[in-house]
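[1] have a look; sequence and predicted model below, questions after that.
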Amino acid sequence: MEIPLISSFILYMLVMLGIGFYFYFKTDDLSDYVLGGRGLGPGVTALSAGASDMSGWLLLGLPGMMYSDGLVGSWIAVGLFIGAYINWHYVAKPLRVYTHHLNDSITIPDYFANRFEDNKHSLRVITAVVILLFYTLYTSSGLVGGAKLFEATFHLDYSASLLIGSFIIASYTFLGGYNAVSWTDFIQGILMMLALVITPIVVVSEIGGLSEIINIVEANDRSKLDILNGSSFIGIISLLAWGLGYFGQPHILVRFMSIRDENEMSRAKAIGMSWMGISILGSLSVGFFGFAYVAANGVDLHDSEKIFITLSQLLFNPWIAGFLLAAILAAIMSTIDSQLLVSSSVLTRDIYHAILHKNASDKELVWVGRATVIIIAVIAWYISTDSNSSVLKLVSYAWAGFGAAFGPLIILSLFSRNITKTGAIAGMLVGSITVIVYKQLEGGIFDIYELLPGFVFAWIAILLFSKTGEGASQKTKEIFDRVQEKLHSQVKF
């Protein structure tokens with residue numbers, strides 16, 4: 001078992017590092033390193049956005065939740081699918097057009113600074129701090145997932161597993177920047193989807209059909225067939241509220257900004273949503289069918305988040321198992337590399353270049369970007385050293401933080417001409433603080449997913465504080481009107 005698994009992993013990792021080396025020699029300036037020179041096609045844009053979005057959560061966290069909770073866990077998938085569709089349909093194209101027209105903004109802090117004429121850099125710095133704060137948690141969730149994978153597959157010590165995964169991901173992100181990240185994510189997205197299609201089909205075949213799976217689940221835990229399963233209204237709303245997070249995730253938003261032509265966004269949306277629908281359905285099936293397989297065969301499973309790993313090892317020959325387990329590594333790597341790159345670009349473009357060294361050369365900025373990738377990876381590695389960390393819990397905290405801090409502001413900045421810098425700062429602070437405070441409280445209304453109150457309060461804060469002090473400048477309104485005119489002249493989003 002070990003030789004085929006190790007061979008599959010080594011081959012996969014060599015391909016990822018090879019892509020990193022290839023783009024190392026094609027990266028000339030900071031725009032290339034952090035946004036790929038806005039040259040990606042719709043296929044790479046869509047699948048890299050999906051793969052960086054779903055991460056190890058798709059093959060570890062979501063199947064684990066479905067395994068533990070049953071059909072009630074599917075509510076989160078419904079919320080995510082709706083949120084992703086709205087994000088592609090209403091945010092993607094306007095953001096691409098707006099960032100291109102605003103001094104070619106290449107990061108989210110860059111966009112906010114240009115959109116609200118932040119000449120004193122206060123908005124830029126606050127945005128950067130929020131990104132770095134929540135990305136340390138988000139990146140840590142991926143590293144924990146990678147360590148669990150190596151630990152379960154090769155029976156390595158957790159600490160050694162963590163070091164191996166961190167080194168590989170940081171290496172190709174360091175080398176190739178955005179293009180390397182996007183093309184590796186494209187390959188990883190295909191690998192993830194194939195794994196999530198193949199595994200449930202084999203489980204169904206092995207058990208003897210869907211009806212037999214339902215009978216086994218009913219015999220062992222009837223509550224898993226109940227889509228409500230005793231959930232309160234607050235519980236279901238909390239799961240659906242995950243969809244609100246899409247509007248504020250920097251690693252997804254930058255994919256929209258990087259497509260080579262805004263008119264290709266419709267094709268990208270179709271590809272991205274098809275990939276997401278198939279992958280989520282497969283992920284839910286892995287967890288639900290996996291419960292039936294474990295119950296029927298007396299498998300000893302201590303960690304529900306390892307159900308996909310367990311099925312891969314028990315159902316397939318070692319070479320195919322290696323391919324399937326590499327898909328987990330792909331899911332994990334596809335998100336961490338994006339998060340490392342966004343964090344690096346924020347430190348490089350929005351702190352080092354915009355504030356500390358405005359005359360830095362392109363070559364210098366690229367190397368600063370590479371250095372910050374290593375620094376952030378080390379910090380995330382340190383946070384991940386707790387082997388009891390849950391992938392889903394770490395993801396949920398970071399997802400809520402970004403969704404509340406940036407989601408309302410992204411939407412309002414694209415569709416309202418009267419939002420001001422004061423309103424933008426207030427919204428980010430209120431959203432972030434609400435998530436952090438709600439996370440510490442329990443009971444009653446405080447059991448609701450912190451993203452929902454954070455999103456609502458941030459939206460209100462932006463509108464209220466935009467009415468105080470001086471309104472939006474005439475220049476800001478004119479740019480907004482030009483972008484709207486361009487968008488409305490193109491009928492299809």
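    Sure thing, it's come through. Numbering: from 1, shown residues only.
[2] so which helix or strand of this structure has the lowest pLDDT on average?
    Evaluated with mean pLDDT, DSSP states H and E, the helix-and-strand set of the chain has its lowest mean pLDDT in helix 30-35, which scores a mean of 58.
[3] show me how far the helix or strand just after that helix is from its chain's centre.
    Moving toward the C-terminus from helix 30-35, the next helix or strand (DSSP states H and E) is helix 42-54. A distance of 10 Å separates the C-alpha centroid of helix 42-54 from that of its chain, computed with C-alpha atoms, centre = their mean, to the nearest Å.
[4] helices or strands up against helix 42-54?
    helix 158-207, helix 250-258, helix 265-297, helix 318-345 (3 or more C-beta pairs under 8 Å, 6 or more residues apart in numbering; DSSP states H and E). Every C-beta, even on glycine, is put in place using the N, C-alpha and C of the backbone.
[5] how about Ser232: what's its closest non-neighbour residue?
    Closest residue to Ser232 in three dimensions, ignoring its sequence neighbours and counting by C-beta to C-beta, 6 or more residues apart in numbering: Asp447, at 8.0 Å.
[6] need the contact list for the one you found.
    When the contact criterion is C-beta atoms under 8 Å, 6 or more residues apart in numbering, the partners of Asp447 are 232, 234-235, 238.
[7] go on, Ile259?
    Counting by C-beta under 8 Å, 6+ apart, Ile259 touches 38, 40-42, 45, 96, 265, 268.
[8] most surrounded residue in the residues you listed?
    Comparing the contacts of Ile259 by number of neighbours (other C-beta atoms under 10 Å), Thr45 comes first, having 29 neighbours.
[9] pLDDT at it, what is it?
    Looking at Thr45, its pLDDT is 84.
[10] try Phe308
    At Phe308 the predicted local confidence, pLDDT, stands at 88.
[11] what about it, neighbour count?
    In terms of burial, Phe308 registers 29 neighbours under the definition other C-beta under 10 Å.
[12] doesn't it belong to a helix?
    Yes. If the criterion is DSSP: H, G, I helix; E, B strand; the rest coil, then Phe308 is within a helix.
[13] please name the residues that touch it.
    With C-beta under 8 Å, 6+ apart, Phe308 has these contacts: 59-60, 63, 199, 286, 290, 324, 328.
[14] just Trp367 next, same as before
    Contacts of Trp367 by C-beta under 8 Å, 6+ apart: none found.
[15] Val217 against Phe291, yeah?
    Yes. Val217 is within contact range of Phe291, at 6.2 Å (criterion: C-beta atoms under 8 Å).
[16] quick one, which of the two is more surrounded?
    Neighbours of Val217 and Phe291, each counted by other C-beta under 10 Å, are more numerous for Phe291; the result is 25 against 21.
[17] how far away is that one from Gly209?
    Counting by C-beta to C-beta, to the nearest Å, the separation of Phe291 from Gly209 is 16 Å.
[18] with Phe167 instead?
    When distance is defined by C-beta to C-beta, Phe167 is 44 Å away from Gly209.
[19] give the contact list for Met273.
    Applying C-beta under 8 Å, 6+ apart as the definition, the contact partners of Met273 turn out to be 81, 84-85, 88.
[20] excluding its backbone neighbours, what's nearest the spatially most central residue of the chain?
    Compute the mean C-alpha point of the chain, and by C-alpha atoms, centre = their mean the closest residue is Asp53, 2.9 Å away. Sequence neighbours aside, Ile252 is the residue nearest to Asp53 in space, at 5.4 Å (criterion: C-beta to C-beta, 6+ apart).
[21] hang on, isn't the one you found packed against Asn87?
    Yes. Taking contacts as C-beta under 8 Å, Ile252 lies within contact range of Asn87: 7.3 Å.
[22] tell me the pLDDT at the closest residue to Lys224 other than its chain neighbours?
    Nearest-residue entry for Lys224: Gly70, 2.7 Å, with adjacent residues in sequence omitted and distances by C-beta to C-beta, 6+ apart. According to the model's per-residue confidence, Gly70 sits at a pLDDT of 88.
[23] for Tyr85, grab the count of nearby residues.
    17.
[24] hmm, back to that, what's the overlap in contacts for Val217 and Phe291?
    70, 224.
[25] return the residues in contact with Leu102.
    When the contact criterion is C-beta under 8 Å, 6+ apart, the partners of Leu102 are 111, 114-115, 479.
[26] and it, backbone torsions?
    phi -90, psi 80 (degrees, to the nearest 10).
[27] show me where pLDDT drops low in the stretch 351-493 of the chain?
    For the stretch 351-493 of the chain, the stretches flagged by pLDDT under 70 are 386-392, 442-444, 490-493.
[28] show me where it has its helices.
    Along the stretch 351-493 of the chain, the segments classed as helices by DSSP state H, counting those that start in this stretch run 362-383, 391-415, 421-440, 451-465, 474-488.
[29] tell me which of the ones you listed lies nearest to Leu315.
    Taking C-beta to C-beta, helix 391-415 is the member of those nearest to Leu315, at 22.3 Å.
[30] distance between that closest one and the chain's centre?
    Distance of helix 391-415 from the chain centroid (C-alpha atoms, centre = their mean) equals 11 Å.
[31] buried residues in that helix?
    Neighbour counts over helix 391-415 (16 or more other C-beta atoms under 10 Å) mark 391-392, 394-414 as buried.
[32] other SSEs contacting it?
    Using 3+ C-beta pairs under 8 Å, 6+ apart as the contact definition, the elements that helix 391-415 packs against are helix 61-69, helix 92-101, helix 108-115, helix 122-154, helix 250-258, helix 421-440, helix 451-465.
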